[in-house]
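**Q** Let me see the structure of the following:
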Amino acid sequence: VYNLSAQQNVVSIHHAAQLEHHNHPTSTKLVGNQNTPRSLPNARMASRNPVVFGFLPYWIDDSYFEFLNFNLLTHIAPFSIEINPDGSVSNDHNWPWTALIDRAHNHGVRVILTATLFGDYEVKTLLENDVNRYRFIKQITEKIRVGNADGIIVDFEGPGANGWPKLLPNFLQELTRHVHTEIPGSEVSFASPAIDWNNHWDFLDIADSCDYLFIMGYAFAGSWSERTGSTAPISGGSRNLNSLLEDPRDYGEVVQKKRDKLILGVPYYGCRWQTATEQPQSSIEEFINYPRLKDAIPQSLDYTLSWDQASKTPWYAYEKDQKWRQVWFENSESLLAKYKLAKDTDLLGIGIWALGYEGGEKEPWQVIENFFGRRDITNISTPDSESETFSVDLPYPNPFNSTSRIYYSIPSAGDIKITLYNLLGQQIRSANINHTRAGKYKWDWDGKNSSHQYSASGLHLLKIRYTDDPFGSRKSVVNRHLLLLR
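**A** Presented below is the predicted three-dimensional model:
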């Protein structure tokens, strides 16, 4: 599923999303009043490691703007300024997005403008012509300046069969020199493919030509796949996230010499297929869609969640109209595995395609906070601070082999019931706790059942119920998954 030649003949994930939302207006919450955005204060311009970089598409729902947690981001990339093959701007989607830029800069977050152009012919037409390159560099630099943005990420995509990737290093050097000169302290980066399937790319040369690369570490599976599997496998198949960081055909040389120029991008989406069976790696009868985490995570709670150990990916199967469907997606456990890979490889950081795809789901934010920590500029939350609502943090560490800790917050005095189930749905542990005041509390699981025997390895479901009513008529329930590895 990870190396089908058919992948080369389909529209890329970023391009497909742009085409799908071609007529979608830019969120008014992002644009604001379009006055001149404030610049990033000099005191906050020092680089921070690790980087947490997120693409933010113009088509997000207006309501999502309030879910953005700027204290967990270092870079946000408005997506996008669309470019013509002659280097001119085709559609700037109401740039500058003053409301977004102001809020990001108020939190010390860098705003990196995205420029997109898709297709082998289109990209080569721009890169091989001096006039077209000059036009692009001049116009995109002005867009950065108008928005008081902090840099540019070039997202030019295509299979590369006509040789355009070989023209890329010189173009990026030219762009980087100009932007650095015109806008001191700015950043120039490139969104690069995960795998060099056909030996078109020199990733080390490209990395040398700009400030850093955003590795689009996804699209290993999709509409072209013949069998179900992960869109971002840690391992398994002939090529995967582990291999791309080691294989000299991909980023092995860059990791050896320029690892501080690599951001590992992760998907906030999955794949849904109609399949022949309910088994993993089933043959595919029909591609359905790319579900976003805001849909896949809550839907997964209605079905038996499975875990593919090779790719470190959750998935579930269900029947619709007497046909099997499978959804392979990302959750806290799989995202954590990818973040750990980036950190263990000592990369510059991690990236997200795309902010907004998680909607109101808290899990993706919590795993970032648990693993990388917060960057609070003004307000710092403490474990004892009171909460206005009942909430449950992600277990940490997770996966684990000894003890995992879960923090939960309650808005007032009340009762907590904790119930733990194994993959068969059998209750193996429970606890009833009374709290006399609001606050943040913790519960540890040592991997043992109620008989103090060690539970078997595998995925476990944790249900935490809170009620402030002695009769239990008013209650809130939150589910979390724990992966025990022995």
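
**Q** SS state for the residue nearest the centre of the chain?
**A** Note on the chain: the residue nearest the mean C-alpha position is residue 352, at 2.7 Å, using CA atoms, centre = their mean. Following DSSP: H, G, I helix; E, B strand; the rest coil, the label given to residue 352 is strand.

**Q** Which helix or strand contains the closest residue to it other than its chain neighbours?
**A** Leaving out its chain neighbours, the residue that sits closest to residue 352 by CB to CB, 6 or more residues apart in numbering is residue 54, at 4.2 Å. Using the backbone N, CA and C atoms, a C-beta is placed for each residue, glycine as well. Using DSSP states H and E, residue 54 maps to strand 51-57.

**Q** what's that strand packed up against?
**A** strand 75-79, strand 262-267, strand 349-353 (3 or more CB pairs under 8 Å, 6 or more residues apart in numbering; DSSP states H and E).

**Q** rerun that using 7 Å as the cut-off
**A** strand 75-79, strand 349-353 (3 or more CB pairs under 7 Å, 6 or more residues apart in numbering; DSSP states H and E).

**Q** What is the burial count for residue 205?
**A** 17 (other CB atoms under 10 Å).

**Q** Just confirm it is within a helix.
**A** Yes. Counting by three-state DSSP, residue 205 is part of a helix.

**Q** picking that back up, let me have the helices and strands packed on strand 51-57 in JSON lines, extended by mean pLDDT.
**A** Formatted as JSON lines, these follow (pLDDT from 0 to 100):
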{"stretch": "strand 75-79", "mean pLDDT": "98"}
{"stretch": "strand 349-353", "mean pLDDT": "98"}
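
**Q** mind putting the ones you listed in JSON lines, distance to residue 273 included?
**A** Shown next, in JSON lines, are the helices and strands packed on strand 51-57 (distance: least, CB to CB, whole Å):
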{"stretch": "strand 75-79", "distance to residue 273": "26"}
{"stretch": "strand 349-353", "distance to residue 273": "20"}
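
**Q** Check the offset of stretch 174-187 from the chain's centre.
**A** 27 Å (CA atoms, centre = their mean, to the nearest Å).

**Q** Also stretch 417-432?
**A** Chain-centre distance of stretch 417-432: 31 Å, with CA atoms, centre = their mean.

**Q** just to revisit the earlier point, what about the helices and strands packed on strand 51-57, which gets the closest to residue 366?
**A** Of all these, it is strand 349-353 that lies closest to residue 366, at 14.0 Å by CB to CB.

**Q** Unless I misread the structure, residue 259 falls within a helix.
**A** Yes. Using three-state DSSP, the assignment for residue 259 is a helix.

**Q** pretty sure it contacts residue 347?
**A** Yes. Between residue 259 and residue 347 a contact is recorded at 5.7 Å, counting by CB atoms under 7 Å.

**Q** Between those two, tell me which one has more neighbours.
**A** residue 347 (25 against 16).

**Q** Near the spatially closest residue to that one that is not a sequence neighbour, how many other residues are there?
**A** Distances taken as CB to CB, 6+ apart place residue 262 nearest to residue 347, at 4.6 Å, with adjacent residues excluded. Neighbour count for residue 262, taken as other CB under 10 Å: 25.

**Q** gap between residue 262 and residue 323?
**A** 41 Å (CB to CB, to the nearest Å).

**Q** Residue 114 now?
**A** Using CB to CB, residue 114 is found at 38 Å from residue 323.

**Q** Please identify which of those two sits among more neighbours.
**A** residue 114 (22 against 12).

**Q** Would you agree that one is in contact with residue 80?
**A** Yes. Contact criterion CB under 7 Å: residue 114 and residue 80 qualify, at 3.9 Å.

**Q** anything in contact with each of those two?
**A** Jointly contacting residue 114 and residue 80 under the rule CB atoms under 7 Å, 6 or more residues apart in numbering are residue 155.

**Q** Next, residue 255: secondary structure please.
**A** Here residue 255 is recorded as helix under three-state DSSP.

**Q** what about it, distance to residue 248?
**A** 10 Å.

**Q** Same check on residue 183?
**A** Counting by CB to CB - residue 183 and residue 248 are separated by 35 Å.

**Q** likewise residue 109?
**A** 35 Å.

**Q** Residue 123 now?
**A** From residue 123 over to residue 248 (counting by CB to CB), the distance is 25 Å.

**Q** Pick out whichever of the two has more residues nearby.
**A** Ranked by neighbour count (other CB under 10 Å), residue 123 and residue 248 place residue 123 first, with 23 against 12.

**Q** Show me what the helix or strand where that one lies is packed up against.
**A** Residue 123 belongs to helix 120-127 when assigned by DSSP H and E. For helix 120-127, the packing partners by 3+ CB pairs under 7 Å, 6+ apart come out as helix 130-146.

**Q** So for the helix it packs on, mean pLDDT?
**A** If you average the pLDDT over helix 130-146, you get 97.

**Q** Buried residues in that helix, which are they?
**A** Going by neighbour count (16 or more other CB atoms under 10 Å), the buried part of helix 130-146 is 132, 133, 135, 136, 137, 139, 140, 141, 143, 144.

**Q** One more: stretch 115-131?
**A** For stretch 115-131, burial by neighbour count (16+ other CB under 10 Å) applies to 115, 116, 117, 118, 119, 120, 122, 123, 124, 125, 126, 127.

**Q** Stretch 403-410 now?
**A** Buried residues in stretch 403-410, counted by 16+ other CB under 10 Å: 404, 406, 407, 408, 409, 410.

**Q** what do you get for stretch 250-257?
**A** For stretch 250-257, using 16+ other CB under 10 Å, the buried residues are 250, 251, 252, 253, 254, 255.

**Q** Hmm, the last one is touching residue 247, no?
**A** No. The pair residue 255 / residue 247 is not scored as a contact, 9.7 Å apart, by CB under 7 Å.

**Q** how about the strands in the stretch 251-400 of the chain?
**A** Here the stretch 251-400 of the chain has its strands, by DSSP state E, counting those that start in this stretch, at 262-267, 271-275, 284-289, 306-308, 313-320, 323-328, 349-353, 391-392.

**Q** Please render these as CSV that adds distance to residue 429 to the earlier fields.
**A** Shown next, in CSV, are the strands of the stretch 251-400 of the chain (distance: least, CB to CB, whole Å):
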stretch, distance to residue 429
strand 262-267, 31
strand 271-275, 33
strand 284-289, 37
strand 306-308, 20
strand 313-320, 22
strand 323-328, 28
strand 349-353, 33
strand 391-392, 16
